[in-house]
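> Pasting the sequence and the predicted coordinates here, then a few questions.
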Amino acid sequence: MYKKLVKGFDISRGSELNEKMVSYAKQGALRGEYLGFPIMHENYTMSKTGVTDWTGFPRSGKTEVLLSFLMKMSEWYGWKHLVYLPDVGDEKEVIADLIHKKTGKTFDKRYKNYISEQEIYREMPFIIEHFKILTKKDLRARMTPYQFWDLAAEIKQDVGINTAVIDAWKDLNHKHDFGRDDLYLEDVLSYRNAMSEKHNLHFHTIVHPTRTDKDSKGNSKPPTPYNIKGGTEWYNNGKNMITVHRPSGSQNEVEVYFNKIKP
């Protein structure tokens, strides 16, 4: 033991490193799973250990892209997810969105692909098995990010989840005693990264940006992590940082920007 070593730290030893590096080589340097979009595969995959921050303006489709990815991970690889999605709506609206991702069926009676009662009963076991939906019982209740990631680690021990999703960051309790928001972000995001590594979980966080300048056509330019409040700390602590941008609200397409991908 080293007398000067700070509590909570350790020095790696040769025998441990040999085993770790052989395992690392076998898994292929943390290359993650294919998500169903060939055009994106070279830029981004989802590994079991990691963090991804998503940003984009309201109605840009960032949540839809992420939920599509999570559904593919469940269908193809059996992954399970803890999701806290107050921006999507209540429990019923979240489940309706997930079923739509899986089946293409809608709960809106105006459309021909309106879901039947039999289809709901058929799909619900899969949704319940793979998506653990966190909801408020007390509308005034607020959870801190620390509490959310601690809960994810606990739930993993219980049912074996692979990811935990926050949509959106603004819906959590961010009261702190750090004096400055940048110091708080440095601490809370560092904690998130450490929890991901320790518990082999992938944490997804959707964060809203501030306004950006207009381009030559009068459309808002795609936001970057620096457009998030406290953007420098987000960029410094982020691993994977993705922008989903819809240049024109009337077009059924989005642009996806990979601002930072690590490793």
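Nice, I can see it. Everything quoted here is computed from the prediction, not taken from an experiment.

> how distant is stretch 188-208 from the center of its chain?
Counting by CA atoms, centre = their mean, to the nearest Å, stretch 188-208 is centred 9 Å from the centre of its parent chain.

> Ends of that stretch, what's the gap?
Start-to-end span of stretch 188-208 (CA to CA, to the nearest Å) is 17 Å.

> Could you list the buried residues of it?
Neighbour-count burial for stretch 188-208 flags 188-189, 192-193, 195-196, 199, 201-208 (criterion: 16 or more other CB atoms under 10 Å). Yep, even glycine has a C-beta here, placed from its N, CA and C like the rest.

> Which of those fall in strands?
His202, Phe203, His204, Thr205, Ile206, Val207 (DSSP state E).

> what would the residues you listed look like in JSON lines with distance to Gly89 and pLDDT?
Conversion of those to JSON lines gives the following (distance: CB to CB, whole Å; pLDDT from 0 to 100):
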{"residue": "His202", "distance to Gly89": "24", "pLDDT": "96"}
{"residue": "Phe203", "distance to Gly89": "22", "pLDDT": "98"}
{"residue": "His204", "distance to Gly89": "18", "pLDDT": "97"}
{"residue": "Thr205", "distance to Gly89": "19", "pLDDT": "97"}
{"residue": "Ile206", "distance to Gly89": "14", "pLDDT": "96"}
{"residue": "Val207", "distance to Gly89": "19", "pLDDT": "95"}
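
> Out of those residues, which is nearest to Asn259?
Checking those against Asn259 by CB to CB gives Val207 as the nearest, at 12.1 Å.

> Now do the contacts for the closest one.
Contact analysis of Val207 by CB atoms under 8 Å, 6 or more residues apart in numbering lists Asp53, Trp54, Thr55, Ala168, Trp169, Ile228, Trp234.

> Could you give the bridge partners of it?
Thr55 (DSSP bridges).

> returning to what we had before: which residue in the contacts of Val207 has the weakest pLDDT?
Ranked by pLDDT, those bottom out at Ala168 (86).

> I'd assumed Val88 was in contact with that one.
No. The criterion here is CB atoms under 8 Å, and Ala168 misses it with Val88 at 9.7 Å.

> if we can go back for a sec, nearest to Lys109 among the buried residues of stretch 188-208?
Nearest member of the buried residues of stretch 188-208 to Lys109, counting by CB to CB, is Ile206, at 29.1 Å.

> Tell me if I'm right that that closest one and Trp54 touch.
Yes. If you go by CB under 8 Å, Ile206 and Trp54 touch, sitting 4.7 Å apart.
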